[in-house]
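Enquirer: Let me see the structure of the following:
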Amino acid sequence: MTKIIMLLFCCLTLMSCGPSKDKMVELAKENLTLNIDNPQQLKIIATSEPDSAFGTGYFSKAEVQGILRTLQTVTDTIMKRTDNMRRFNPDDSYVMSLAERQMRGMAEIRSLVMKAGKKGPFSGWKVKIDYASVDGNGNPYRAERWFFIDQEGKQVYKTFELPLP
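Expert: Purely as a prediction, here's the structure:
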C-alpha cells in the first residue's frame, strides 16, 4: 500500500514540475498584445491548448491542412471581392491589407513546405491564438498567430501569423 501511495505521490510531483498550460497561454497573449498595432482594440476569439513542438517548422498533417485551408479561404475572399482581379482597386484598403498579411504568412508557409515532415527533437510548446484587432490604418482584421515557447514555458522564441478573412 505504501508503495502505491509513493508511486502516486511521485507521479503527481512530476506532473506539477512541467510548465503550466495556463501560464503559457497567458505568455502568448502578452506577446500578442505587445506585437500588434492597436492592443487596446484586441479581441481574443479562441486559444489552443499548448501542444508539444518539435522545432518551429514541424506541424502535424491536420495542422498543415488547416493552415492551407485558411490560406485558400483568404485567396477566395480576395478573388470574390475583386471579381477574380477584374475589378482590382488598389484603394480598397481591406483587400490590400488582407493581401499584404497573406503574403507575409506565405513566406512562413514556404519554409514549412521545405521542411515538411522533418520532426526534430522536442523544442518546447506551441500555442495558436485567433484574434481580431485594428491595423495601423484603422482597418479591422482577424488573424491566427502561432507562438513557439521554450521547453520551460517561460519565453516566446518565434511567432508567425496568418490572416483570417
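Enquirer: State the number of residues packed around the nearest residue to Pro121 once chain neighbours are set aside.
Expert: Nearest residue to Pro121 in three dimensions, chain neighbours excluded: Phe54, at 6.6 Å (CB to CB, 6 or more residues apart in numbering). Backbone N, C-alpha and C define where each C-beta goes, glycine included. Neighbour count for Phe54, taken as other CB atoms under 10 Å: 16.
Enquirer: Would you list the phi and psi of Phe54?
Expert: Per-residue torsions, Phe54: phi -130, psi 70 (degrees, to the nearest 10).
Enquirer: my read: it touches Lys126, true?
Expert: No - applying CB atoms under 8 Å as the test, Phe54 and Lys126 come out as separate, 9.3 Å apart.
Enquirer: Show me which helix or strand of this protein is least confident by mean pLDDT.
Expert: Least confident helix or strand, the chain: helix 2-17 with a mean of 47, by mean pLDDT, DSSP states H and E.
Enquirer: And the next helix or strand past that helix?
Expert: Next helix or strand after helix 2-17 toward the C-terminus (DSSP states H and E): helix 21-34.
Enquirer: quick one, what contacts Gly55?
Expert: By CB atoms under 8 Å, 6 or more residues apart in numbering, the contact list for Gly55 reads Lys115, Lys118, Lys119, Gly120, Pro121, Ser123.
Enquirer: Just give me the residue right at the centre of the protein.
Expert: Closest residue to the average C-alpha location of the chain: Trp146 at 1.8 Å, with CA atoms, centre = their mean.
Enquirer: Okay, it and Arg86: tell me how far apart.
Expert: Distance of Trp146 to Arg86, given as CB to CB, to the nearest Å: 34 Å.
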